[in-house]
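Asker: below is the structure, and that's it, no one-letter string:
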């Protein structure tokens, strides 16, 4: 159900408390919402990457590695796992599955549709296709920082709204990006994107 009485339905905990590969396919097309003091920004999720700490050498939690950074992954699904790369770019991940099953989805790209002017000001660009076409870009455009680490995505200011499910033939499944170090895991087809969408990262 994507709407109730004409209003979008917020995704519930049950949506996230499932296998990461299942959630990866079903999360495409859903709406990411972030309400801040500056305003509200919304974007359609068009590209994600799945990571599974139990078997995936590209995952931060590989071999059940628990640290201050990865701890949130070991709880139940529906929480934000945000980290910094290259000392300057934030990456937004969504924790999936149940406790002690460390799985996350990296949000790689959004198609922005609300709060566009706010996103442009944050990104310092007028090019709409350059606002959220990459993990660091979408975090900057959406106002996502390390302060959002551990935030409950079933809350009132940072959450996902439901939309009609995509058909399997509308989804591309390809290799993940920039993980050549991950041995056999670099060949997993765990990057999911909406086929033909012009907002997918390049």
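Answerer: Alright, I've got the coordinates. For clarity, every value in this text was computed on a predicted model and none was experimentally measured. Residues are numbered from 1 along each chain as shown.

Asker: rest of the way, CA atoms for contacts and neighbours
Answerer: Fine.

Asker: now do the residue positioned nearest the centre of the chain, the pLDDT please.
Answerer: Compute the mean C-alpha point of the chain, and by CA atoms, centre = their mean the closest residue is residue 107, 2.8 Å away. On pLDDT, residue 107 comes in at 98.

Asker: over to residue 6?
Answerer: Looking at residue 6, the pLDDT reads 65.

Asker: ok, residue 87 next?
Answerer: 80.

Asker: distance of it from residue 149?
Answerer: Distance of residue 87 to residue 149, computed by CA to CA, to the nearest Å: 16 Å.

Asker: which of these two has more residues huddled nearby?
Answerer: residue 149 (17 against 7; other CA atoms under 10 Å).

Asker: residues contacting the more buried one?
Answerer: 80, 81, 82, 83 (CA atoms under 8 Å, 6 or more residues apart in numbering).

Asker: how about the strands in the protein?
Answerer: 3-4, 7-8, 31-36, 39-52, 80-85, 89-96, 103-114, 158-161, 171-174, 191-194 (DSSP state E).

Asker: now those as CSV including distance to residue 21?
Answerer: Shown next, in CSV, are those (distance: least, CA to CA, whole Å):
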stretch, distance to residue 21
strand 3-4, 24
strand 7-8, 24
strand 31-36, 18
strand 39-52, 6
strand 80-85, 17
strand 89-96, 9
strand 103-114, 9
strand 158-161, 18
strand 171-174, 11
strand 191-194, 9
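
Asker: which one of those strands lies closest to residue 121?
Answerer: Closest approach to residue 121 among the strands of the chain (CA to CA): strand 39-52, 11.7 Å.

Asker: residue 25 touches residue 191, doesn't it?
Answerer: No: applying CA atoms under 8 Å as the test, residue 25 and residue 191 come out as separate, 9.6 Å apart.

Asker: list the buried residues in stretch 113-133.
Answerer: By neighbour count on 16 or more other CA atoms under 10 Å, the buried set for stretch 113-133 is 115-116, 118-120, 122-123, 128-133.

Asker: and which of those is nearest to residue 57?
Answerer: Set against residue 57, the nearest of the buried residues of stretch 113-133 by CA to CA is residue 133 (25.1 Å).

Asker: ok so, going back, residue 159: which of the contacts of residue 149 is nearest?
Answerer: Closest to residue 159, out of all of the contacts of residue 149 and judged by CA to CA, is residue 80, at 9.6 Å.

Asker: on that earlier part again, pLDDT added to the buried residues of stretch 113-133, as TSV?
Answerer: Formatted as TSV, the buried residues of stretch 113-133 follow (pLDDT from 0 to 100):
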residue	pLDDT
115	98
116	98
118	98
119	98
120	98
122	98
123	97
128	97
129	96
130	96
131	98
132	98
133	97
